[in-house]
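Undergrad: fold the stuff below for me.
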Amino acid sequence: MFEELDTIELTHDIKEYDLKEGDMGAIVNVYNDGKAYEVEFVAPNGRTIALLTLMPEDIRVYTNKDEYVSRLFNAPISLGTVSSMTFDAIVNNDELRITTKTLKSKIDKKEFSYPIIPL
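TA: All right, here's what the predicted structure looks like:
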């Protein structure tokens with residue numbers, strides 16, 4: 001059961017308002033102990049897109065997918081070979097790490113690490 005001001009997401013598209021499954025909204029009123037909910041959907045500029053009365057099956061608990069993805073993000077990237085040197089990079093949620101090495105010698109290896117700071 002949801003409470004007023006809970007953040008939710010849609011379980012399906014609502015074409016009349018151009019809302020898509022997963023769009024985020026806020027509960028502004030709870031009717032009959034959770035039998036229905038008044039939900040507001042807002043554009044990034046703060047303008048209300050829709051204020052709808054929805055049933056419990058129309059909404060679900062909001063999951064912050066950006067936070068989930070950033071915790072799991074660790075992407076190896078091969079940048080290729082240039083002039084007998086290989087370039088590899090790993091990007092995770094707090095740094096970009098680049099490794100360079102020559103093809104002829106594993107001794108000639110350099111690593112660079114750059115912090116990633118959220119804006």
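Undergrad: all contacts plus neighbour counts: C-alpha atoms, from now on.
TA: Fine.
Undergrad: excluding chain neighbours, what is closest to Ala89?
TA: Ile98 (4.3 Å; C-alpha to C-alpha, 6 or more residues apart in numbering).
Undergrad: okay, the nearest residue to Thr48 once chain neighbours are set aside: pLDDT?
TA: Nearest residue to Thr48 in three dimensions, chain neighbours excluded: Val42, at 4.4 Å (C-alpha to C-alpha, 6+ apart). Listed pLDDT for Val42 reads 92.
Undergrad: returning to that earlier point: wait, the residue nearest to Ala89 touches Asp88, no?
TA: Yes. Judged on C-alpha atoms under 8 Å, Ile98 makes contact with Asp88 at a distance of 5.7 Å.
Undergrad: neighbour-wise, which of these two wins?
TA: Ile98 (19 against 16; other C-alpha atoms under 10 Å).
Undergrad: how distant is the one helix or strand that one maps to from the center of its chain?
TA: Following DSSP states H and E, the helix or strand that holds Ile98 is strand 95-102. With C-alpha atoms, centre = their mean, to the nearest Å as the basis, strand 95-102 stands 26 Å off its chain's centre.
Undergrad: what pairs with it, parallel or antiparallel?
TA: Using DSSP bridges, the strands paired with strand 95-102 in its sheet are strand 85-92 (antiparallel), strand 109-115 (antiparallel).
Undergrad: so of those, which one's packed in deepest?
TA: Most buried of the strands paired with strand 95-102, by mean neighbour count (mean count of other C-alpha atoms under 10 Å): strand 85-92, with a mean of 17.
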